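Student: okay, predicted coordinates and the sequence, questions at the end:
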There are 2 protein chains.
Amino acid sequence: MSVLVVGSVALDSVETPFGKADNVLGGSGNFFAASASHLSPVQLVGVIGSDYPIDKLERAFASRPIDLAGLEHADGTSFRWRGRYRHDLNVAETLETHLGVFSNFRPKIPEQFRNAPFVFLGNIDPRLQLDVLTQVAKPKLVACDTMNFWIESRRADILKLLEHVDLITLNDAEARQLTDEYNLIRAARWIMARGPKHVVIKKGEHGAFMFTASSIFFAPAYPLEAVFDPTGAGDSFAGGFMGYLARTGDMSEANLRRAVVYGSAMGSFAVEKFSVDRLLEITPADIKSRVADFHRLITFEQDLA
Amino acid sequence: MSVLVVGSVALDSVETPFGKADNVLGGSGNFFAASASHLSPVQLVGVIGSDYPIDKLERAFASRPIDLAGLEHADGTSFRWRGRYRHDLNVAETLETHLGVFSNFRPKIPEQFRNAPFVFLGNIDPRLQLDVLTQVAKPKLVACDTMNFWIESRRADILKLLEHVDLITLNDAEARQLTDEYNLIRAARWIMARGPKHVVIKKGEHGAFMFTASSIFFAPAYPLEAVFDPTGAGDSFAGGFMGYLARTGDMSEANLRRAVVYGSAMGSFAVEKFSVDRLLEITPADIKSRVADFHRLITFEQDLA
């Protein structure tokens, strides 16, 4: 089954302690698509300006099952983000955000995408996320992401959105901001009371929790000896998670747990190189091997004596 | 088998967002002993001043297999610590440290403790930790803890100590400070190159890693809805870890992993009440149940398709 993602298609300029990259493929939509496409077909909806290196994007995604029919070409400049990380790679320092055509983005879901069984509403204005939901038929699972900016400026819309999604992914700071609960269990319960059956709280290098009404699952971030560039880790996580669900079509708790691990695995690949570079070169064997590594990392046998 | 611990026996005054406690039983030795004694007999070596409420300590430990024969009664005042936590319970704000008799502490290991098979050198001057090792016969496992203060002021002694211990526990900031490596995998490797076969890096609410030459194991901190007072979590972790090893006497990788989980379980109990209060009231069934909860928290079945 395929997964529809609505997100940003941007150009990133990033500086880390290990190097720098200028105007490389970035944005939540690109990272999500590069990640999820290892597991299921992806339909990408976003907008680019007339300055976007579309040939570069098409070459990058050429061998992947990513349908770009929903990529709107608008007059104006593309969304650009410039940021820097110091040694604490958990914290991005935004140096410049240029929204360009993204500021007037109104997602239009192509006819042939409207029956997508899995829908991921990337981090855009919650009013647009709600609008996307009016354009799709009844999906099997709708998930959304959000960020501090929208939580502050569009709180009422986020609360409305929560009534219409099955799952939300957000980071720990955002969960606290949204719910005014410092404790993440309470924060997750607060969110679940407003709609979503599942809440995934990402803690960056400290892993991710998945909460349901009756259980908590935790997956660590895979410990890497060299994290090169953390940009896009969260979106790659979401891509792996949704891609795995779309591939299997199984919404059991056991399968959702595996989906979290696939998300973590894809996030761990994303940070090994700049942009989507590493996500584009990995093979199914690499993914399988990383998931097995995850299993070794956390497995212990209970002493039943 | 029994475990010998050398550590502080203090009086804590703690303020958290949830309440305050004055002059309660504290110190690494007390937390370690209260925790480990659920799993194996404990021999506690430490020092208290003439003001210490020894009757209170004896009552607290009366029903537990904790031998206090190594507790030196010195003239002077006891070690006192006063601290505060705000909502980020990962960060303790020290308001006052009064070392008292602890500043002249020279651990004397009683004759009957010198064959202890498991030895834990709590966080004291590394010169004293080394001195303890001259007083014990060949233990099956020696582990040590340390802190930023000693890493800064007694670096050469810590490096010497590393040559004589099998395992070290320290937190992520301390590991970085000691090794000058930001990455924890590199930090652990740096430490292992200097002696210890195992390195346990504690990340507070973000869990703990155990590194060996050929593997990494990770256990999350157990997610609690109400963390009441984080004081002593690390020492309770060490107590659970060492206590489990002493109970089983098994140094296999699989058993060391279980020991980390027992450590995490005991740490998670410690923070549910002030002082050692919760550690003193839990039952073997509570511990077994928490370990099972840990297993549910992190378990996923690999998709071998």
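Tutor: Cool, the structure landed.

Student: and chain A, which residues reach chain B?
Tutor: Neighbours of chain B within chain A, by C-beta under 8 Å from any C-beta of the partner chain: A:87-88, A:182-186, A:203, A:206-207, A:209, A:215-220, A:223-227, A:248, A:254, A:257-258, A:260-261, A:291-292, A:295-303. In short, each C-beta sits where N, CA and C put it, glycine included.

Student: out of those residues, which are buried?
Tutor: Buried by 16 or more other C-beta atoms under 10 Å in any protein chain shown: A:182-186, A:203, A:206-207, A:209, A:216-220, A:223, A:227, A:248, A:257-258, A:260-261, A:291, A:297-298, A:300, A:303, out of the residues of chain A next to chain B.

Student: narrow the residues you listed to those in helices?
Tutor: Among these, the ones falling in helices (DSSP state H) are A:184-186, A:248, A:257-258, A:260-261, A:291, A:297-298.

Student: rebuild the residues you listed as JSON lines, extending it with pLDDT.
Tutor: Output for those, formatted as JSON lines (pLDDT from 0 to 100):
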{"residue": "A:184", "pLDDT": "96"}
{"residue": "A:185", "pLDDT": "97"}
{"residue": "A:186", "pLDDT": "97"}
{"residue": "A:248", "pLDDT": "97"}
{"residue": "A:257", "pLDDT": "97"}
{"residue": "A:258", "pLDDT": "97"}
{"residue": "A:260", "pLDDT": "98"}
{"residue": "A:261", "pLDDT": "98"}
{"residue": "A:291", "pLDDT": "97"}
{"residue": "A:297", "pLDDT": "97"}
{"residue": "A:298", "pLDDT": "96"}
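
Student: please produce CSV containing the residues you listed, extended by distance to residue B:152.
Tutor: Below are those laid out as CSV (distance: C-beta to C-beta, whole Å):
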residue, distance to residue B:152
A:184, 34
A:185, 37
A:186, 38
A:248, 52
A:257, 43
A:258, 45
A:260, 40
A:261, 40
A:291, 41
A:297, 32
A:298, 34
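
Student: ok, so of the residues you listed, who is nearest residue B:15?
Tutor: Set against residue B:15, the nearest of those by C-beta to C-beta is residue A:186 (21.7 Å).

Student: apart from its neighbours in sequence, what residue is nearest the closest one?
Tutor: Closest residue to residue A:186 apart from its sequence neighbours, by C-beta to C-beta, 6 or more residues apart in numbering or on different chains: residue B:225 at 6.2 Å.

Student: quick one: the closest residue to residue A:232 other than its chain neighbours and residue A:202, what's the gap?
Tutor: Nearest-residue entry for residue A:232: residue A:31, 3.6 Å, with adjacent residues in sequence omitted and distances by C-beta to C-beta, 6+ apart. Going from residue A:31 to residue A:202 by C-beta to C-beta, to the nearest Å gives 13 Å.

Student: between these two, tell me which one has more neighbours.
Tutor: It is residue A:31, of residue A:31 and residue A:202, that has more neighbours when counted by other C-beta atoms under 10 Å in any protein chain shown, with 32 against 23.

Student: and the next element down the chain from the strand or helix carrying the more buried one?
Tutor: Assigned by DSSP states H and E, residue A:31 belongs to helix A:28-36. Using DSSP H and E, the helix or strand that directly follows helix A:28-36 along the chain is strand A:42-48.

Student: and that following strand, what other elements does it pack with?
Tutor: strand A:3-6, helix A:28-36, strand A:66-73 (3 or more C-beta pairs under 8 Å, 6 or more residues apart in numbering or on different chains; DSSP states H and E).

Student: export those to a markdown table and tack on mean pLDDT and distance to residue A:110?
Tutor: As requested, the helices and strands packed on strand A:42-48 are exported to a markdown table (pLDDT from 0 to 100; distance: least, C-beta to C-beta, whole Å):
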| stretch | mean pLDDT | distance to residue A:110 |
| --- | --- | --- |
| strand A:3-6 | 98 | 10 |
| helix A:28-36 | 98 | 15 |
| strand A:66-73 | 98 | 5 |
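
Student: of all those, which one is nearest residue B:271?
Tutor: helix A:28-36 (36.0 Å).

Student: what residues does the closest one touch?
Tutor: A:3, A:5-10, A:42, A:44-46, A:57, A:60-61, A:64, A:66, A:120, A:122-123, A:145, A:232, A:235-240, A:242-243, A:246, A:266-267, A:269-270, A:276, A:279-280 (C-beta atoms under 8 Å, 6 or more residues apart in numbering or on different chains).

Student: hmm, back to that, export the helices and strands packed on strand A:42-48 as CSV, with columns for distance to residue B:104.
Tutor: Shown next, in CSV, are the helices and strands packed on strand A:42-48 (distance: least, C-beta to C-beta, whole Å):
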stretch, distance to residue B:104
strand A:3-6, 65
helix A:28-36, 59
strand A:66-73, 70
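
Student: which one of those lies nearest to residue A:131?
Tutor: Taking the helices and strands packed on strand A:42-48 one by one with C-beta to C-beta, strand A:3-6 is closest: 9.7 Å.

Student: tell me the helices and strands packed up against the following helix or strand past the closest one.
Tutor: Toward the C-terminus, strand A:3-6 is succeeded by strand A:10-16 as the next helix or strand (DSSP H and E). Secondary-structure packing of strand A:10-16 (3+ C-beta pairs under 8 Å, 6+ apart): strand A:19-26, strand A:80-85.
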